[in-house]
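S.K.: my questions are about this predicted structure, shown below with the sequence.
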Amino acid sequence: MNGAEALVSSLIQARVDVCFTNPGTSEMHVVAALDRITGMRCVLGLFEGVVSGAADGYARMTGRPACTLLHLGPGLANGLANFHNAYRAQVPIVSIVGQHALTHLHHDAPLTADIEGLARPYSKWLRTSRTASEVGRDAIEAQIASQTAPHGIATLIVPADVAWTEAGDAVAKAVSVPKPPMPSSKALERAARMLRSGVPTVLLMAGSGLYGKGLKAAGTIAGATKAKLLAPYPITRLERGAGLPPVERMPYILDQAVALLAGFPQIILAGARIPVSYFAYPGKNPVPVPAGCEIHCLATEAEDCAGALEALASLLSAEKSEPSTEPQNIPAVPSGGDLTTVNAAQAIGALLPENAIVVDESMTSGRSLMPATKGCSPHDYLTNTGGSIGIAMPLAVGAAVASPDRRLLCLSADGSGMYTMQGLWTMARESLKVTTIVFANREYAVLKREFSGLGVGNPGDRAKNMFEIGRPDIDWVSLAQGMGVPATRATSVDVFVKALQQGLETDGPTLIEIPL
Ligand SMILES: Cc1ncc(C[n+]2csc(CCOP(=O)(O)OP(=O)(O)O)c2C)c(N)n1
Ligand SMILES: [Mg+2]
């Protein structure tokens, strides 16, 4: 057994059994090990941003890391924008990056780069394996580090000669993942006191507060205390829809966030941070919290957020009250007339199948989506968490690989989609049940808005040219078809509804372009 085989076998027996990859020569022994050893599903991405975003989507749905295998510094650098989003999502990923043989490094061959330097800002754990007999143990340490709260990216750099050298029987044993600690009883009691006071209170949640037992406990707390349940604008994973606790998403626009929080003198944070606007605006306070508001952290990102919410619910004897749930409210299927972002959202709310996963990077075209899908069939909702655009299609790939029995709806704005559209090819290659909708407004609409929001006047011709992405218009139908994804251009409500219905029944990916 060589180092590469020890690495792969160690990962597999620790249940890291999906590898999103775009490999090169320095990773060839790892590729050979993946070829020889059964148990690792290998998924090829044709750009590293697809690989990193897919690992994020996989982790969001399973809570477990996939591994990624990337080629040297340049391969990693191409993947970093979506590793930035994954880092912000606090998801576990084991990022394996190939390195030249240690004996080759001093030659400074063309592909040599400071891989540790590139990986460090996004890695909660980082190591270059030194010997073949240790690389299996390194892999297990990486997996455990990635799954220790707060979850994150563990980067293991594997030199080619570590991979090809004889390792003996150096498969490392799996060890159990440490449970996140509970917050102190003082933190729990203070939250309970605040909620009992009758003062209007926001419960702002992230992480495990937004799905499963954490969310259920939050619904119980809201039922007993009338607390308002909020999620930050960036959402790693939120379960929503009819019968689930109603969680409102903080608005992206600062003035709207200020207005939303204005009536609340108390905020309790469960796994979430104090909200702040994405950008600074001259003369404005970027923290949308009302003056004098009492902010209390019930659970930090490193603590057991779901467990804290359950303990809080029981401190409040909240289970004696009716839990707060979203009433079912499925919109009617629209028919006739021109397609707009409003009736497209309505059609999505009407047709979304039970237990679907919605990936949303629709940007300015998605504003009608949250209200239209509030009371529709229960679904998981995933968004861009780090503001680095170009995540929708990769995230959908990873979530679909993680959830083969579920339907995926992938909503992408056109500018964002152009960063990582190679994800469509992986969807076709893997027959993933993803229906992608591209909102083709032929512009970077949000940047136009930010331009005026920042008070720099109206865009002139040169500035407009930086915000408009028509001339030539991007043909999404041809792009998708060229990558093996059947596609439709929806020029009316009726065409859209039919294409969406068909897409949601197809045993593989489809794409619908909405020209706006
Ligand atoms: C990696 C990265 N590059 C650039 C940006 C800056 N940026 C923010 S929004 C945006 C354009 C968004 O356009 P589109 O996705 O078409 O959405 P629309 O605003 O048209 O709804 C750009 C370029 C970014 N956020 N991330
Ligand atoms: Mg656009």
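M.R.: Now that the structure is in, tell me what you want to look at. Numbering: from 1, shown residues only. Ligands and ions are numbered 1, 2, ... in the order given.

S.K.: helices along the stretch 1-150 of the chain, start to end?
M.R.: 3-13, 28-36, 48-62, 72-89, 115-119, 135-146 (DSSP state H, counting those that start in this stretch).

S.K.: which one of those helices has the most crowded surroundings?
M.R.: Mean neighbour counts were taken over the helices of the stretch 1-150 of the chain using mean count of other CB atoms under 10 Å, and the top value, a mean of 30, falls to helix 48-62. For every residue, glycine as well, the C-beta is placed using N, CA and C.

S.K.: just to revisit the earlier point, could you dump the helices of the stretch 1-150 of the chain to TSV with distance to ligand 1?
M.R.: Listed next are the helices of the stretch 1-150 of the chain as TSV, based on distance: least, CB to the nearest ligand atom, whole Å:
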stretch	distance to ligand 1
helix 3-13	30
helix 28-36	28
helix 48-62	9
helix 72-89	5
helix 115-119	16
helix 135-146	23
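
S.K.: turn the ones you listed into CSV, including distance to residue 156 and mean pLDDT.
M.R.: Formatted as CSV, those follow (distance: least, CB to CB, whole Å; pLDDT from 0 to 100):
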stretch, distance to residue 156, mean pLDDT
helix 3-13, 8, 98
helix 28-36, 11, 98
helix 48-62, 14, 99
helix 72-89, 12, 98
helix 115-119, 10, 98
helix 135-146, 5, 98
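
S.K.: state the phi and psi torsions of the closest residue to residue 278 other than its chain neighbours.
M.R.: Computed as CB to CB, 6 or more residues apart in numbering, the closest residue to residue 278 that is not its neighbour in sequence is residue 387, at 5.9 Å. Per-residue torsions, residue 387: phi 70, psi 0 (degrees, to the nearest 10).

S.K.: per-residue pLDDT, residue 387?
M.R.: Residue 387 carries a pLDDT value of 98.

S.K.: against residue 226, how distant is residue 64?
M.R.: 36 Å (CB to CB, to the nearest Å).

S.K.: next, count neighbours for residue 426.
M.R.: 29 (other CB atoms under 10 Å).

S.K.: now it, what's its secondary structure?
M.R.: Three-state call for residue 426 (DSSP: H, G, I helix; E, B strand; the rest coil): helix.

S.K.: correct me, but it touches residue 50?
M.R.: Yes. With contact defined as CB atoms under 8 Å, residue 426 reaches residue 50; the gap is 6.0 Å.

S.K.: what do these two both touch?
M.R.: The contact sets of residue 426 and residue 50 overlap at residue 397 (CB atoms under 8 Å, 6 or more residues apart in numbering).

S.K.: next, count neighbours for the closest residue to ligand 1 within the stretch 301-450 of the chain.
M.R.: Residue nearest to ligand 1 within the stretch 301-450 of the chain: residue 415 (2.7 Å; CB to the nearest ligand atom). Neighbours of residue 415 under the rule other CB under 10 Å: 22.

S.K.: likewise residue 320?
M.R.: 9.

S.K.: which of the helices or strands spans the nearest residue to it once chain neighbours are set aside?
M.R.: Residue nearest to residue 320 in three dimensions, not counting chain neighbours: residue 224, with 7.2 Å by CB to CB, 6+ apart. Assessed by DSSP states H and E, residue 224 sits inside helix 212-225.

S.K.: looking at the chain, which helix or strand is least sure?
M.R.: helix 445-453 (a mean of 91; mean pLDDT, DSSP states H and E).

S.K.: any buried residues in it, and which?
M.R.: 445-446, 448, 451 (16 or more other CB atoms under 10 Å).

S.K.: which of those come close to ligand 1?
M.R.: 445-446 (CB under 6 Å from any ligand atom).

S.K.: what parts of the protein come near ligand 1?
M.R.: 81, 363-365, 387-390, 413-416, 441, 443-447.

S.K.: buried only: go through the residues you listed for me.
M.R.: For the residues of the chain next to ligand 1, a neighbour count by 16+ other CB under 10 Å gives the buried set as 81, 363-365, 388-390, 413-416, 441, 443-446.

S.K.: pLDDT on stretch 268-282, on average?
M.R.: 97.

S.K.: span of that stretch from start to end?
M.R.: Using CA to CA, to the nearest Å, one end of stretch 268-282 lies 29 Å from the other.

S.K.: buried set for that stretch?
M.R.: 268-272, 275, 277.

S.K.: and if you look at stretch 454-470?
M.R.: Going by 16+ other CB under 10 Å, stretch 454-470 has these buried residues: 459, 467-469.

S.K.: do it and ligand 2 come into contact?
M.R.: No. In terms of CB under 5 Å from the ion, no part of stretch 454-470 sits within range of ligand 2; the closest distance is 6.6 Å.

S.K.: next one: the closest residue to residue 63 other than its chain neighbours from ligand 1, what distance?
M.R.: Excluding the flanking residues, the one nearest residue 63 by CB to CB, 6+ apart is residue 92, at 7.5 Å. From residue 92 across to ligand 1, the span is 23 Å (CB to the nearest ligand atom, to the nearest Å).
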